[in-house]
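1. Following is a predicted model, sequence given first.
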Amino acid sequence: MSAVLRDQVLAELRERISSIEGEGVKRAGFLPFGVPEIDAVLPGGGLAHGALHEFAGGGSGTVDGAAAALMAAGIAARTKGRVAWCLTRPDLFMPALAQVGLHPDRIVFVEGDREEDVLASMEECISYGGLGAVVGELVRLPMVASRRLQLAAERTGTIAIAVRRWRRQTEANDFGQPTASTTRWRVSVLPSEELPVPGLGRARWLLELMRSRAGECAEFEIGACDDKGCIHLSSRSGNRSDTSGRSRNTA
Amino acid sequence: MPAAKAQAIFRDLMMIDADHVADAAALERIALWALTVYSPIVAVDGPDGLVLDTEGADHLQGGEETMLTGIANRFRSKGLTAKVAIADTWGAAHACARAIQRETVVVPRGETFRAVERLPIHLLRLPDKNIDDLRTLGFQTVGELGNTARAPLALRFGPEIGRRLDQMLGRASEPIEPIRAPEWIEVSRAFAEPIGAAETINKYVGRLVIQLVAELQRQGLGVRRTDLIVDKVDGSRQAIRAGTAKPARDVAWLTKLFRDRTEKIEPGFGIEKLTLVAVMSQPLDEEQRSSTLIDEETSDITPLIDVLGNRGQRVYRLAPVASDVPERSVQRIAAAAEPSGEIWNHQWRRPVRLLDRPDRITAIALMPDYPPRSITWRGRRHNVARADGPERIFGEWWKRDSELEAVRDYYVIENDVGERFWIFRSGDGVDPETGDHQWFMHGIFA
C-alpha cells in the first residue's frame, strides 16, 4: 500500500471517529489558563468546555479541599454566565471566592443532604445549558456517575468541575480509581512566596495534572489565583514536566 | 369555670359572649391562607383546629421542623397562640396538638402508639357521652383503651371507639376533604377506567398543564403554587405541590416540574381523577421578545432553580452584610433575587473554609501582639513558619451589650509545609475586659 493511500485512509478514519465523538456537541472550545507552559500541555490549549474536570487536594487538603475549591472558583470566575455550586457541607466562606473574582451575584448554591443529591443536582445544572460552570463537591465519584456528568457536559458545552473532598485523609486513595473525567488535577499547598519583610506573600500551590485525555501528565509550581482568578507560574522554580517526583503529597 | 366564680377571682373582668359563627368564619379564612402557603390539602378540624396533609409539601418550607416553627411563629406574630403537631395520622396529630405543653411537636414515623398511649381518652374525638361512660368504667388513657379487647367495647358502645382508635393508629384510612376557594383556576380529568401506568399519568398531566396554561393565559395570570391532586379508587387522595420562584405560564416548565415527581405517585388500585389547581397565582403580562440571528446565551435560570427547589434541595445565593465579624458578614438570600452588585471589600485575605464555630487551640505566643510560635489543633502540632497580623475586629455593641468591650485579634499563619490557617485570640492581649486570651482556629486558607 502506498504511503499516500495510507495517509488518506487514516485521515478518513480520524474524521469518522471525530464525527462519532462529536455527536450532539453544542459548543466546543477551550478556556486557557493564560499560562503558556500549562496551556501547552493540555490538548486544545486549555480546559475543554463541555467536559468534566476533577480537582482534589493533597495532604490535609484532601479533607478541607480549600485549595481545590479556590482553584475551581478561579476557573469559574473566568467563565461567562452564572455558576452553580452543589455541595452538602456549607462551609465555604464566600468573601474568599469573591477575592478571586467570582462575584456573589453570579454564584448559586445548591445544598443537598446526600452525596447522590449533589450528583443529581450537578447533572441537572449541567444539562440546563445556560450556566458558565457547574462545580460539585463530592466524596465519591463512581465511574457511572462521572460518565453521566461527562456526557451531559458534552451535550451542553458547560464546564463541569468536581472538587473531590474526603472525610478522612486515608480515604483519599480513592482518587486512584478511574473516572470518565477529561482531566484530573491535584492541588497541594506549598510555602508561600518569600517577602523581604516578615509576613505572608502570595500563596503557592503544587498543581499536578494526573490525567489528561489525549495528553501528557505534568506538574507545575504556581502562584494562587489572583483577583481575576488567574494563576501564574511561580518564579522560584521552573516547570517540572515529569511525574516521578510527586510522591511528597501522596495521601 | 362559672362566670360568677371568675368574676369573684378577678375584679373588673370583661365578659364577651362567644361568637361561634364569626369564629368559624375566621378559622375558614385561616384555612384558605394555610392552603396557599403550606399544603394542598387543608380542612377545618373541629371548632378550634385545622388539619393539613403536608406529605410531599414540607420541602417548600425547608423540612418538617422548620415548617412547624414557622407556623407557630407566624401565629405568634399576630398575637395568637398555636399548638402545632405533625404525626402519621389525623387522629394522632389532633390528640398531640391538644395535649402538648410546648408549641410544636413532631411524632416520628411509626412511633404513633408510643406518642399517644399516655394521652387522655377525651382526645379520641368520641361523643361526650361515650367518654363519660368510659371514665366510669375506669379508662383514663388511650393506651389502656387500645389494649382492651374490642368485642365487649363494641357490644356496649357500638363501632365508634374501634373506628377512632384505628384511625388514630393508622389502621384505617381517613381521607381529608380539602376546602376550596371559588376563584381558583382548576382543571380536572376523570377517567372511566382507572389508570396506573407512569406513561399514562405523564400523558394526562401534560394535557392538564396545557389546559391550565390556556386558562391562565386568558386571565393574564402566572402560577406560583400549583397542586396536582390524585384521587384514587380506594377513596384515598394524594397531592403533589410544585412551587415556582416567579409567576410561570410556560407549558414545558410546568410539565417538567410535575413529570419530575410523578414517580412519587402511588397509584395503588388505580387513579380515577386527576385535578390540577393553581392555588396561588399572580399577574403575568405578555412580554415581547425580538428574534435575533445569533444564538443568544440563556441567562435566566429560574426554571432550573424551581426544578432543584421542588426536589428538596436548598437553593440560595450568598450576599454581603455590613459586619466586620466574619460569621455575620454573609447572609443567604433567595436564588432568584435581583442581583445587588454588592461585594465585600476586605483589605485582608479571607479563608476559603470557615469553621462553623471557632475551634479551641493551644498556642505558644508572645503577648500582646506577636503571632504564635506554634499551635496545637486537633492533636496536631504546627510550627509557625510565617505569619501576618494582627487584624483587630471589635465586638458589635449595637447588637449585644456583652460585646461592648470584646475584641478579636486575627492572624494568618503558615506552618512548615505551607498549610495556612486563620486563627484569633479573644482579647487584645493586655486588658482582660476585652477577652479571656484564649486562642481559636477559625478558618483554612488555600
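-> Alright, I've got the coordinates. Numbers count the residues shown, from 1 in each chain, chains lettered A, B, ... in the order given.
2. For the stretch 51-200 of chain B, which residue gets nearest to chain A?
-> Going by C-beta to the nearest C-beta, chain A is nearest to residue B:63 of the stretch 51-200 of chain B, at 9.4 Å. Just so you know, the C-beta spots here come from the backbone N, C-alpha and C atoms, and that holds for glycine as well.
3. what pLDDT, on average, does stretch A:190-198 get?
-> Averaging pLDDT along stretch A:190-198 gives 88.
4. Against residue B:207, how distant is the residue of the stretch 51-200 of chain B closest to chain A?
-> Separation of residue B:63 from residue B:207 (C-beta to C-beta, to the nearest Å): 33 Å.
5. before we move on, the earlier item: what's around the residue of the stretch 51-200 of chain B closest to chain A, how many residues?
-> 14 (other C-beta atoms under 10 Å in any protein chain shown).
6. Who are the contact partners of it?
-> For residue B:63, no contacting residues are found, by C-beta atoms under 8 Å, 6 or more residues apart in numbering or on different chains.
7. Likewise for the one 5 residues further on?
-> With contacts defined as C-beta under 8 Å, 6+ apart, residue B:68 is in contact with B:84-86, B:104-106.
8. nearest to residue B:156, of those?
-> residue B:85 (30.7 Å; C-beta to C-beta).
9. Name the SS class of that closest one, please.
-> What DSSP: H, G, I helix; E, B strand; the rest coil gives for residue B:85 is strand.
10. now swap in residue A:155 and tell me
-> helix.
11. Number of residues surrounding the closest residue in space to residue A:234 that isn't next to it in sequence?
-> Nearest non-adjacent residue to residue A:234, counting by C-beta to C-beta, 6 or more residues apart in numbering or on different chains: residue A:221, 4.3 Å away. A total of 17 residues lie near residue A:221 under the criterion other C-beta under 10 Å.
12. Residue A:221 belongs to a helix?
-> No - with three-state DSSP as the criterion, residue A:221 is located in strand rather than a helix.
13. Check the spacing between it and chain B real quick.
-> 11 Å (C-beta to the nearest C-beta, to the nearest Å).
14. Please look at residue A:110 and residue B:309 and confirm they touch.
-> No - using C-beta atoms under 8 Å, residue A:110 is not in contact with residue B:309; the gap is 9.1 Å.
15. So for these two, which sits in the more crowded spot?
-> The residue with more neighbours, out of residue A:110 and residue B:309, is residue A:110; 27 against 23, by other C-beta under 10 Å.
16. Show the pLDDT at that one.
-> 94.
17. other SSEs contacting the particular helix or strand that has it in it?
-> Secondary-structure assignment from DSSP states H and E places residue A:110 in strand A:107-111. Judged by 3 or more C-beta pairs under 8 Å, 6 or more residues apart in numbering or on different chains; DSSP states H and E, strand A:107-111 is in contact with strand A:83-87, helix A:115-128, strand B:314-320.
18. and residue B:140, which of these is closest to it?
-> For these, the distance to residue B:140 is smallest for strand B:314-320, at 44.7 Å, taking C-beta to C-beta.
19. wait, residue B:188 sits on residue B:271?
-> No - with contact defined as C-beta under 8 Å, residue B:188 does not reach residue B:271; the gap is 11.8 Å.
20. which stretches of the stretch 101-250 of chain A have low pLDDT?
-> The model of the stretch 101-250 of chain A has pLDDT under 70 over residues A:235-250.
21. swap in the stretch 151-300 of chain B?
-> B:288-299.
22. now the helices: where do they sit in it?
-> For the stretch 151-300 of chain B, the helices defined by DSSP state H, counting those that start in this stretch occupy B:160-168, B:198-219, B:251-259.
23. residue ranges of the strands in the stretch 101-250 of chain A, please?
-> For the stretch 101-250 of chain A, the strands defined by DSSP state E, counting those that start in this stretch cover A:107-111, A:133-138, A:159-164, A:183-190, A:204-212, A:218-223, A:232-233.
24. Would you mind writing the CA trace of the first one as PDB?
-> In this case it means strand A:107-111. Extracted in PDB, the C-alpha atoms of strand A:107-111 (Å, rounded to 0.1, in the frame of the first residue of the first chain):
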ATOM      1  CA  ILE A 107     -23.000  32.100  42.000                       C
ATOM      2  CA  VAL A 108     -26.000  30.000  43.100                       C
ATOM      3  CA  PHE A 109     -25.500  27.400  45.800                       C
ATOM      4  CA  VAL A 110     -27.400  24.100  45.700                       C
ATOM      5  CA  GLU A 111     -27.200  22.400  49.000                       C
END
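25. What sits closest to residue B:282 if chain neighbours are left out?
-> Distance criterion C-beta to C-beta, 6+ apart; nearest residue to residue B:282, sequence neighbours excluded, is residue B:247 at 4.4 Å.
26. quick revisit: which one's more surrounded, residue B:188 and residue B:271?
-> Taking other C-beta under 10 Å, residue B:188 and residue B:271 do not tie; residue B:271 has more neighbours (24 against 13).
27. So for chain A, the centremost residue is which one?
-> residue A:53 (4.0 Å; C-alpha atoms, centre = their mean).
28. ok so, going back, out of the helices and strands packed on strand A:107-111, the one nearest residue A:207 is which?
-> strand A:83-87 (20.9 Å).
29. in its sheet, what does the closest one sit against?
-> Strand A:83-87 has the following strand partners under DSSP bridges: strand A:107-111 (parallel), strand A:133-138 (parallel).
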